[in-house]
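Student: need coordinates for the below:
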Amino acid sequence: MAATQRRGRRIMMTAEELDAFLATERTCRVATVSPEGAPHVSALWFVWDGSSLWLYSLTRSRRWADLRKDPRIAVVVDSGEEYGELRGAELSGTAEFVGEVPRVGEPVPELEGVESLFARKYFGLEALPHDHRHAWVRLTPEAVASWDFRKLPRG
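Tutor: Predicted coordinates for the structure are as follows:
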């Protein structure tokens, strides 16, 4: 996978823990930067295939426009309410666009498994209904930092 985490090793997730966490969480926050340098963060649904994070983004969004001009991206997935239960991961790298824009359902072998995962996770369906407004962005992380505060000693 990506660069190893230097700080917080005591609370970082193992590869197995990270896979399980990313497979079950539902919402992430996506950070992009505009051509003028303004940061933008937005919430989005995603799926994790074990090596890449797949984002199904509106093609008429600021996020999409930002990534078209500058494909650098950072994504945070986190959960927990109380301090001792906080968990999360930050994944960063370069966005890749996969499939047609917008997605209308043309056969794309690379998207078959991803779209099945997404359809089951969010809609309880076997096939993803295409609305002609979204398209796929893949983030294969170059760097990952994770944390699981449940690993901290109590007291």
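Student: for this structure, which helix is longest?
Tutor: helix 109-123 (DSSP state H).
Student: okay, strands next: where are they in the protein?
Tutor: Listed in chain order, the strands found in the chain under DSSP state E are 27-33, 39-48, 53-58, 72-79, 87-98, 134-139, 143-148.
Student: with adjacent residues omitted, what lies nearest to the residue nearest the centre of the chain?
Tutor: Note on the chain: the residue nearest the mean C-alpha position is L53, at 4.3 Å, using Cα atoms, centre = their mean. Among residues not flanking L53 along the chain, L139 sits closest, at 4.5 Å (Cβ to Cβ, 6 or more residues apart in numbering). C-beta coordinates here come from the backbone N, C-alpha and C atoms, glycine included.
Student: report how many residues lie close to that neighbour.
Tutor: Number of residues near L139 (other Cβ atoms under 10 Å) recorded here: 24.
Student: could I get the contacting residues of it?
Tutor: Residues near L139 by Cβ atoms under 8 Å, 6 or more residues apart in numbering: S52, L53, W54, L55, I73, V75, L91, S92, G93, T94, A95, E96.
Student: show the contacting residues for the first one.
Tutor: It refers to S52. R138, L139, T140, P141.
Student: ranking those residues by neighbours, who comes first?
Tutor: The most crowded member of the contacts of S52, judged by other Cβ under 10 Å, is L139 (24 neighbours).
Student: from K151, how far out is it?
Tutor: Taking Cβ to Cβ, to the nearest Å as the measure, L139 and K151 are separated by 26 Å.
Student: burial measure for E112, as a count.
Tutor: So E112, with other Cβ under 10 Å, has 12 neighbours.
Student: and it, what's its pLDDT?
Tutor: What the model reports for E112 is a pLDDT of 96.
Student: please shift the residue numbers so they start at 12 in all later answers.
Tutor: Fine by me, first position is 12 from now on; the one you just mentioned is E123.
Student: that one and S62: what is the separation?
Tutor: E123 is 16 Å from S62, by Cβ to Cβ.
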